[in-house]
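Novice: Provide a 3D model corresponding to the input given below.
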Amino acid sequence: MSDFFSLLVEEFPRVRSGLWVTLQATVLGALLAGVLAFALGLMAGSRLLLARGVSRVVVEFFRGTSLYIQLFWLYYAMPLVTGYELTPVICGVVAFGLNFGAYGAEVVRGAINSVPRGQYEAAIALNLSPARRLWKVILPQAWVQMIPSFTNLLIQLLKATPLLWLISAADLMTVVQQLRDRTGETLTAYLTLLAAYFVLAYALTMLMNLLERSAKRRLGLDTGAKSLFKSRSAATTAVGGTR
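Specialist: Take a look at the predicted model:
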């Protein structure tokens with residue numbers, strides 16, 4: 001066994017802790033991004049000019065500024081302004097949530113707009129309230145179209161988590177980097193990281209595929225025998241956009 005893998009086994013508690021930080025940042029960041037995506041996406045379709053304006057300004061600001069700078073601002077500049085300092089992991093979660101939530105808002109807006117007009121008219125003919133039209137008719141159809149783009153954003157968020165080392169969070173990337181520094185085995189260390197992030201990304205893809213199959217079943221759509229293991233391609237990102 002190489003020196004790197006021997007040290008990896010010896011330092012397994014630290015590696016596990018780093019992996020936990022990476023998963024925390026990914027899951028919590030994705031949850032915050034999802035909440036913001038739906039809030040901003042629905043506001044973008046509001047009849048109120050103020051709501052549409054606020055949504056557009058927030059989305060364009062966080063899409064138009066670098067995730068690096070947002071992360072640095074939250075960690076280094078915000079304490080100077082507010083006197084309140086976030087922990088590195090929470091800082092990462094907030095930055096990822098804001099940045100990817102802005103991209104997700106465009107996915108939500110695009111998916112809702114893609115629902116055929118006849119579906120809106122049918123819901124109105126059934127005398128459903130605006131809230132029930134959205135919840136019972138529009139969102140279930142739009143949700144199926146959002147999932148492929150949300151999957152891509154989730155993978156992008158996972159791949160952004162190594163940025164946490166810039167603000168001193170001991171994520172998986174940071175721990176493996178420290179093991180590389182101690183052993184000098186650069187090739188082995190980065191191949192291990194590539195394999196680890198690939199496994200994590202593929203696991204997330206399969207979970208999202210399960211979610212998509214469930215959503216399609218509820219609409220009575222064909223899910224396909226191989227849909228669970230399919231990967232995401234450019235063809236599946238027609239709704240909204242990705243980073």
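Novice: Mind telling me which residue is nearest the centre of the protein?
Specialist: In the chain, the C-alpha nearest the mean C-alpha coordinate belongs to L154, at 3.3 Å (C-alpha atoms, centre = their mean).
Novice: got a list of what it touches?
Specialist: Residues counted as contacts of L154 (C-beta atoms under 8 Å, 6 or more residues apart in numbering) are T26, A30, L204, M208. Quick note: C-beta positions are derived from backbone N, CA and C, even for glycine.
Novice: any idea how far the last one lies from M78?
Specialist: Which is M208. As judged by C-beta to C-beta, to the nearest Å, M208 and M78 stand 32 Å apart.
Novice: and stretch 7-22, which residues are buried?
Specialist: Going by neighbour count (16 or more other C-beta atoms under 10 Å), the buried part of stretch 7-22 is L7, L8, E11, R14, V15, G18, L19, V21, T22.
Novice: What of stretch 115-127?
Specialist: Applying a neighbour-count criterion of 16+ other C-beta under 10 Å, one finds V115, A123 buried in stretch 115-127.
Novice: So which residues of this structure form helices?
Specialist: Remark: helices assigned in the chain by DSSP state H are 3-10, 12-44, 49-64, 67-72, 78-82, 88-114, 117-125, 130-132, 139-160, 172-183, 186-218.
Novice: picking that back up, among the contacts of L154, which ones are buried?
Specialist: Neighbour-count burial (16+ other C-beta under 10 Å) is assigned, among those, to T26, A30, L204, M208.
Novice: Could you point out which residue ranges in this protein have low pLDDT?
Specialist: Counting by pLDDT under 70, the chain contains low-confidence ranges at 1, 224-243.
Novice: Kindly recompute the last result at 80.
Specialist: Low-confidence segments of the chain, defined by pLDDT under 80, span residues 1-2, 222-243.
Novice: who's in contact with K159?
Specialist: Neighbouring residues of K159 by C-beta under 8 Å, 6+ apart: Y197, A201.
Novice: can we see that at 10 Å?
Specialist: Listed by C-beta atoms under 10 Å, 6 or more residues apart in numbering, the contact set of K159 reads T26, Y197, L200, A201, R243.
Novice: Relative to F62, which of those residues is nearest.
Specialist: The nearest member of the contacts of K159 to F62, counting by C-beta to C-beta, is R243 at 11.3 Å.
Novice: which parts of stretch 196-216 are buried?
Specialist: Neighbour-count burial for stretch 196-216 flags A196, Y197, L200, A201, L204, T205, M208, N209, E212, R213, A215, K216 (criterion: 16+ other C-beta under 10 Å).
Novice: could these go into TSV alongside distance to V35?
Specialist: Output for those, formatted as TSV (distance: C-beta to C-beta, whole Å):
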residue	distance to V35
A196	28
Y197	25
L200	22
A201	23
L204	18
T205	22
M208	17
N209	22
E212	20
R213	24
A215	19
K216	24
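Novice: if we can go back for a sec, including distance to L158, could the contacts of K159 go into a markdown table?
Specialist: Shown next, in a markdown table, are those (distance: C-beta to C-beta, whole Å):
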| residue | distance to L158 |
| --- | --- |
| T26 | 5 |
| Y197 | 7 |
| L200 | 6 |
| A201 | 6 |
| R243 | 12 |
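Novice: for those, which one is nearest Q70?
Specialist: Nearest to Q70 among the contacts of K159 is R243, at 13.1 Å by C-beta to C-beta.
Novice: just to revisit the earlier point, and which of the contacts of L154 is nearest F61?
Specialist: Proximity of those to F61 was ranked by C-beta to C-beta; the top entry is A30 with 20.4 Å.
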